[in-house]
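K.L.:
Pasting the sequence and the predicted model now:
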Amino acid sequence: MAGPMQALLDRAELDEVLNRYAASIDLRDWARLRTVFADRVEADFTSMGTKSVFRGSAEDWVATIRSSITGFDATQHFFANHSVDLDGDRATDLRYMQARHVLDGAHYTIAGYYTSEMSRTPAGWRIARYRLTVTWTDGDRRLMGIAYRKFTGKA
């Protein structure tokens, strides 16, 4: 199927992939989170303060996300204002985001937008490369390190 109908179906599936990404993090469903990524992934979170861009297996990236999220009491990720540029089996997805992280009654909220390079695979659309651009934050940034140390047992 080609044409406008396929474009609508592709956009719906891309929405599902990114919604599954957010929900899987918040529900701590790491196996489900793995299903949103291509086998190899590039993730650029340098605007959030990470020292380098991650390039490696999806499994290793999911483990990285798990280590940074599990120590929180709760998280909630929201997406809005999304747009997609389709080009055959590739797509660029841009969407605004807010992610609230809660620990011991304190919070740290990150807001900005994701730019994701998506690839159509035999299993459906997957994130091959994405970048978080932080535009503002609110709360206690130290919670990121506290949650990580809580997860690793180095608290």
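P.N.:
Here it is on my side, so go on.
K.L.:
who's in contact with the spatially closest residue to residue 104 that is not a sequence neighbour?
P.N.:
Excluding the flanking residues, the one nearest residue 104 by CB to CB, 6 or more residues apart in numbering is residue 73, at 6.9 Å. Where you see a C-beta, it was placed from the backbone N, CA and C, and this is true even at glycine. Residue 73 is in contact with 102-104, counting by CB atoms under 8 Å, 6 or more residues apart in numbering.
K.L.:
Give me the pLDDT value at the residue nearest to residue 123 when sequence neighbours are not counted.
P.N.:
What sits nearest to residue 123 in space, not counting adjacent residues and going by CB to CB, 6+ apart, is residue 35, at 7.7 Å. According to the prediction, residue 35 has pLDDT 98.
K.L.:
all strands for the chain, in order.
P.N.:
Here the chain has its strands, by DSSP state E, at 37-44, 54-57, 74-87, 90-103, 106-121, 124-139.
K.L.:
before we move on, the earlier item: give me the phi and psi for the residue nearest to residue 104.
P.N.:
Main-chain torsions, residue 73, degrees, to the nearest 10: phi -70, psi -40.
K.L.:
For residue 101, see how far away it is.
P.N.:
Here residue 73 is placed at a distance of 9 Å from residue 101 (CB to CB, to the nearest Å).
K.L.:
Repeat that for residue 92.
P.N.:
Taken as CB to CB, the span from residue 92 to residue 101 is 27 Å.
K.L.:
Regarding this protein, what is its longest helix?
P.N.:
If you go by DSSP state H, the chain has its longest helix at helix 4-27.
K.L.:
and the angle from it to strand 37-44?
P.N.:
Per axes from the mean of the first three to the mean of the last three CA atoms, to 10 degrees, the angle that helix 4-27 makes with strand 37-44 is 70 degrees.
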